[in-house]
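Engineer: sequence isn't available, so here's the structure alone:
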DNA sequence: GATGAATGAGTTTTCATTCAT
DNA sequence: TATGAATGAAAACTCATTCAT
């Protein structure tokens, strides 16, 4: 029983190497060019081994999605729970920051995964999305009095979640690293704040 | 990108049939399953003909993207210029509507193209994006006095453009045809209005 | 009847344009890349027209071979009959020169045709080869007294013909335009002369 | 050029089977009809395997050329070093014989490869040619005193090498197996000997 | 006659997946 | 278990040839 440990250790290392290699290839070449052979090679593993852990390519894609989705979710929770007494504005700012730097090594990866996800893991995506929306809603609730009373917090949270997932990364994609990119993020924060504190007359 | 300019009537018809078939397949099966043979078959044309006009699969993708991007751009311009005297709120509403129903026959197609575009036609995407942002900026300028004076209209337009392109479709994707989807759109309008008319204190 | 002339004129021009285009492509890209479409395009003619004059690709190849083989044969005859009183050495020199500059515009073309010929026109190649060998033999006969008496003139002529057809062009190919190339040609002349005037002791 | 170095026994067998099958097809049907599928089939192997070792058709052609070029080169060296004390005439004779029977199983194959080589492996062809010319030059040097003093041995060797490579095979091609063919070879030997021992007066 | 659009069988090439070692 | 050789169905792409206009 004890002797199994090192094996499991190694297995875990292999799985992670594969996942990491897959992520790299996804970033560098896109999903079209991501072949199991290439993944295995970059992971320093044989194709056979890859299939030991992932029964097919879809499973690999799904695992990547899950892995990073969980990472994102965890980062979100952590960022929010870190400052339990922050102001609404600070909280929003923290969320945007997490959305941006969730994958510090690669915004391209996040984008690519976002494209893959609905195809291979629609359920999971929705689930994580809902979880994050729940967290956001919780935070909004903490500041209920600062928020326009006619706003449905659930709706607002869902909208903000979508915004964070999509707009932030697209903004970076278009104006990478530049001042304009940074400004776009700022504007994003302003937009959310304005929305939350808007008075009724703005409603469509 | 098209190999040659079709001179005869027949040729133009063929090109259109191919483009249409490709769009259908993209919608029905996704890009993965879009093979040149299938496209040709559905277009009622031989593979040879397809390759006469599109030297490779990428070119076909690019042509589709260009075609629909132009269509979207045109729809935008038309929608906006239709009501030259509308209020800011009406204008924003019209824009959202266009973004939503740009392809009345198929929101799925729009979504699929949005995924393809950055990979196959990044330049074009940026170009059309900028063009649309320009139009939005023009509209914002018409209502300068209603908008927070510290807002840079260019920045604001870019942000709104990104929002329209991404959030609207993602919202539809997650909550298709449902009431929530519709509401999300409403909220989107509210958000934009709030942002535009926000007072300084909201700035990040 | 008269009116037919311009038509035939035009047809001949078309045929020649096609043949020339084919020769160019053969030289530039090799036979693999010589497609009927490309030939037609370079000839400034439609594929349909090409097929009007050449029922298939083989026929085109055969026509090229015949065309240039006849040209070579004619050049040979002319070169030899020009100087009916020349010495053996002069005659040999003239022959080498013809073999070299038969296609002043392109030694590569000659080489390529030499490769094609056996496949598409073995009969013709043999025929022209024999014809040229006959001419050479006639010239040798004129100098019978200078030539080793044990040499069979037919055999000698055949060998010389092969030498001219093959060695000269290969020599150019390997050492193009260079001094060495020129020298190789000189050596070739020397070799033939030595062979013809050799005494019996050299026989294998 | 080969995609990867075969590590297992099985792999080496596969590569050899492919190479052999390709050579057979080249001989039987010519390069035009040599398709990767047919090669794989005749080798009793899947197309996939073929592409595992040869990334494309050209690489396959190149590998064949290299393989047989090396074989020829080795045969040449062996033939020459076998009789280190032979006379000049014997040595020349041996060389001619090697050139003729380099591929005892198939002169057609040699011919076909000779056509392919300049297109797919010009460098290699030159290299092997030079190597063989070097060997010839070495032999000539051993008999310097029998050779016309004004001859440049390097030049002579290059010429002889070209002669052997081309004339011999063309001679076989035109007059296969026949007495004339054999005689042509004899004459070739005589020619070379005459050239080497010729006195100055023959020089062009 | 001339044109060039259309054809489709035939090639090359890829890649997820299996399986003997 | 790990390896990497082998598989082969499926994809992309070519090109000689036909035929409606």
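Structural biologist: Yep, it's here. Keep in mind that what you see is a predicted model, and the values were worked out from it rather than measured.
Engineer: pLDDT on the helix or strand residue A:108 falls within, on average?
Structural biologist: For residue A:108, the host element (DSSP states H and E) is helix A:107-142. Over the span of helix A:107-142, the pLDDT mean works out to 88.
Engineer: ok, stretch A:64-80 next?
Structural biologist: 89.
Engineer: any idea how far residue A:164 is from the most centrally placed residue in chain A?
Structural biologist: By CA atoms, centre = their mean, chain A has its centre lying nearest to residue A:72, at 4.2 Å. Computed with CB to CB, to the nearest Å, the distance linking residue A:72 and residue A:164 is 10 Å. Where you see a C-beta, it was placed from the backbone N, CA and C, and this is true even at glycine.
Engineer: repeat for residue A:155
Structural biologist: Where residue A:164 is concerned, residue A:155 sits at a distance of 15 Å (CB to CB).
Engineer: those two: who's more crowded?
Structural biologist: residue A:164 (23 against 16; other CB atoms under 10 Å in any protein chain shown).
Engineer: the more buried one contacts residue A:96, doesn't it?
Structural biologist: Yes: Residue A:164 is within contact range of residue A:96, at 6.6 Å (criterion: CB atoms under 8 Å).
Engineer: any idea which element the nearest residue to residue A:50 once chain neighbours are set aside lies in?
Structural biologist: Excluding the flanking residues, the one nearest residue A:50 by CB to CB, 6 or more residues apart in numbering or on different chains is residue A:40, at 4.5 Å. Following DSSP H and E, one finds residue A:40 within helix A:36-43.
Engineer: buried set for the very next helix or strand once past that helix?
Structural biologist: Note on helix A:36-43: by DSSP H and E, the next helix or strand toward the C-terminus is helix A:47-53. Buried residues in helix A:47-53, defined by neighbour count with 16 or more other CB atoms under 10 Å in any protein chain shown: A:49-50, A:53.
Engineer: just give me the closest of these to chain C.
Structural biologist: Closest approach to chain C among the buried residues of helix A:47-53 (CB to the nearest CB): residue A:50, at 38.6 Å.
Engineer: quick one: the closest one and chain D, what's the gap?
Structural biologist: As judged by CB to the nearest CB, to the nearest Å, residue A:50 and chain D stand 17 Å apart.
Engineer: and for residue A:112?
Structural biologist: 27 Å.
Engineer: again with residue A:159
Structural biologist: Noted for residue A:159: a distance of 50 Å to chain D, by CB to the nearest CB.
Engineer: do residue A:13 as well
Structural biologist: Counting by CB to the nearest CB - residue A:13 and chain D are separated by 24 Å.
Engineer: over to residue A:122?
Structural biologist: From residue A:122 over to chain D the distance is 33 Å, taken as CB to the nearest CB.
Engineer: mind pulling up the pLDDT for the residue of chain A found nearest DNA strand F?
Structural biologist: Using CB to the nearest atom of the strand, the single residue of chain A nearest to DNA strand F is residue A:48, 2.1 Å away. Note on residue A:48: pLDDT of 95.
Engineer: again with the one 3 residues further on
Structural biologist: pLDDT for residue A:51: 96.
Engineer: show me what contacts it?
Structural biologist: For residue A:51, the contacting residues are residue A:36, by CB atoms under 8 Å, 6 or more residues apart in numbering or on different chains.
Engineer: now residue A:121
Structural biologist: Each residue near residue A:121 by CB under 8 Å, 6+ apart is listed here: A:61-62, A:65-66, A:69.
Engineer: how far away is it from chain D?
Structural biologist: Distance, residue A:121 to chain D, using CB to the nearest CB: 30 Å.
Engineer: can you check residue A:60 too?
Structural biologist: 21 Å.
Engineer: list the contacts of residue A:94.
Structural biologist: By CB under 8 Å, 6+ apart, the contact list for residue A:94 reads A:79-80, A:82-83, A:86.
Engineer: the same query, at a cut-off of 7 Å, please.
Structural biologist: Neighbouring residues of residue A:94 by CB atoms under 7 Å, 6 or more residues apart in numbering or on different chains: A:79-80, A:83.
Engineer: return a PyMOL selection command for the buried portion of those.
Structural biologist: Listed next is the PyMOL selection for buried residues among those, using 16+ other CB under 10 Å:
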select buried, chain A and resi 79+80
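Engineer: any idea which of the contacts of residue A:94 is closest to residue D:192?
Structural biologist: Nearest to residue D:192 among these: residue A:79, at 87.6 Å, using CB to CB.
Engineer: do the host helix or strand of that closest one and chain B come into contact?
Structural biologist: Element membership for residue A:79, per DSSP H and E: helix A:57-82. No: between helix A:57-82 and chain B, judged by CB under 7 Å from any CB of the partner chain, nothing touches; the nearest distance is 10.9 Å.
Engineer: buried set for that helix?
Structural biologist: Quick answer for helix A:57-82 (16+ other CB under 10 Å): A:57, A:60-69, A:72-73, A:75-76, A:79-80.
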